[in-house]
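A.B. asks: Okay, structure incoming, though there's no sequence with it:
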């Protein structure tokens, strides 16, 4: 019995001596591998032995602090129902700032700027220029009514962008410009200029006739009509961009649009002359808030003949009439349009 116990004790000691080096090797390999992993074994001591006389290792850097998420604010947007006032061809027009561009009251544009044209002519011109008019919101309609720009019976109002209003008025009114009495090409000192707004147009600028932006001093090279710089940048003959979406045009910024034709003698000197002309009477105009008017508007019946069928005629017919219109037996429509 004693021999069996001794033999068992010897066997365990032999097994310990036999497997102990292998186990130590495996454990050492595991410890080295665990130190390089993200999470080591719980029983591994990660302390680093410090030799005598040596300095302690520097402390590990603190973990980076987590920054709070950015605060997002709502984008600043202009109030699309705030009534503003702009100037179109010398007339004050009520407007709204929608999407960064002014939307002008279409009935007021027709009554104040295009009052000399029949509705049929306006329809055809909008057809050619592919001008689309939007409908005012109920809030914008109420604002126009409170400002006495529309009658209380108005059920809707058309809004036209300032760019399209400039195109429409330029196409209709520039055709009525007076021809130049004296050919600018015969003058001693002229500057050949051009612009690329809604197309391309070349003209001859006479510095002696220039006084301000409304001075008629540019003769069109195609039709020989005389224009002011502000009206010339809306006048085109070639390369019409009727299928292009235009945005942000303002004829008051004619100094930016009017360019010098480099293909002319003494272009460097003429460029300096043109710069000096542009620096005269610089007026920075911004749309202002519309002043409240207490006086009631005046209305007069306007006879408008029926227009040819087109994708724009129905829209404009609806917008031209702030109030309901009644068709007569003769096929004409009578509109009550504010003229004040």
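C.D. replies: Right, received. Where do you want to start? From a predicted model like this one, the values you see are computed outputs, not experimental measurements. Residues are numbered from 1 along each chain as shown.
A.B. asks: mind listing the strands for this structure?
C.D. replies: Per DSSP state E, the chain carries strands over the ranges 84-88, 91-98, 101-105, 134-135, 158-161, 191-195, 201-205, 218-220, 226-227, 259-260, 288-289, 299-304, 326-327, 333-338.
A.B. asks: could these go into TSV alongside mean neighbour count and distance to residue 22?
C.D. replies: (C-beta placed from N, C-alpha, C; glycine too.) As requested, the strands of the chain are arranged in TSV below (neighbours: other CB atoms under 10 Å; distance: least, CB to CB, whole Å):
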stretch	mean neighbour count	distance to residue 22
strand 84-88	18	90
strand 91-98	20	83
strand 101-105	24	83
strand 134-135	14	87
strand 158-161	23	87
strand 191-195	21	92
strand 201-205	23	96
strand 218-220	26	101
strand 226-227	24	102
strand 259-260	16	90
strand 288-289	10	91
strand 299-304	14	107
strand 326-327	10	109
strand 333-338	18	104
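A.B. asks: So for residue 244, which of these sits nearest?
C.D. replies: strand 158-161 (13.5 Å; CB to CB).
A.B. asks: quick check: mean pLDDT across the closest one?
C.D. replies: Averaging pLDDT along strand 158-161 gives 93.
A.B. asks: And for residue 21, the neighbour number?
C.D. replies: 9 (other CB atoms under 10 Å).
A.B. asks: next one: the one 10 residues further on
C.D. replies: Using other CB under 10 Å, the number of residues around residue 31 comes to 15.
A.B. asks: Show the pLDDT at it.
C.D. replies: Value listed for residue 31 in the pLDDT field: 75.
A.B. asks: mind listing what the closest residue to residue 203 other than its chain neighbours touches?
C.D. replies: Nearest non-adjacent residue to residue 203, counting by CB to CB, 6 or more residues apart in numbering: residue 218, 4.3 Å away. Each residue near residue 218 by CB atoms under 8 Å, 6 or more residues apart in numbering is listed here: 193, 203-206, 226-229, 232.
A.B. asks: hmm, back to that, could you save the strands of the chain as a markdown table and add columns showing distance to residue 278?
C.D. replies: Converted to a markdown table, those look like this (distance: least, CB to CB, whole Å):
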| stretch | distance to residue 278 |
| --- | --- |
| strand 84-88 | 20 |
| strand 91-98 | 25 |
| strand 101-105 | 24 |
| strand 134-135 | 34 |
| strand 158-161 | 26 |
| strand 191-195 | 11 |
| strand 201-205 | 11 |
| strand 218-220 | 13 |
| strand 226-227 | 16 |
| strand 259-260 | 10 |
| strand 288-289 | 24 |
| strand 299-304 | 40 |
| strand 326-327 | 51 |
| strand 333-338 | 37 |
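A.B. asks: Among those, single out whichever gets nearest to residue 121.
C.D. replies: Using CB to CB, the strands of the chain put strand 299-304 closest to residue 121, at 10.8 Å.
A.B. asks: quick one: average pLDDT of that closest one?
C.D. replies: Strand 299-304 comes out at a mean pLDDT of 37.
A.B. asks: what do you get for stretch 272-284?
C.D. replies: 80.
A.B. asks: re earlier: please report the distance of the residue nearest to residue 203 from residue 232.
C.D. replies: Remark: distance between residue 218 and residue 232 (CB to CB, to the nearest Å) = 5 Å.
A.B. asks: Which neighbours do those two have in common?
C.D. replies: residue 203.
A.B. asks: and residue 56, how many neighbours?
C.D. replies: 7.
A.B. asks: err, residue 141, not the other one
C.D. replies: Neighbours around residue 141, by other CB under 10 Å: 18.
A.B. asks: for residue 253, same thing?
C.D. replies: 14.
A.B. asks: so what's it up against?
C.D. replies: Counted by CB under 8 Å, 6+ apart, residue 253 has zero contacts.
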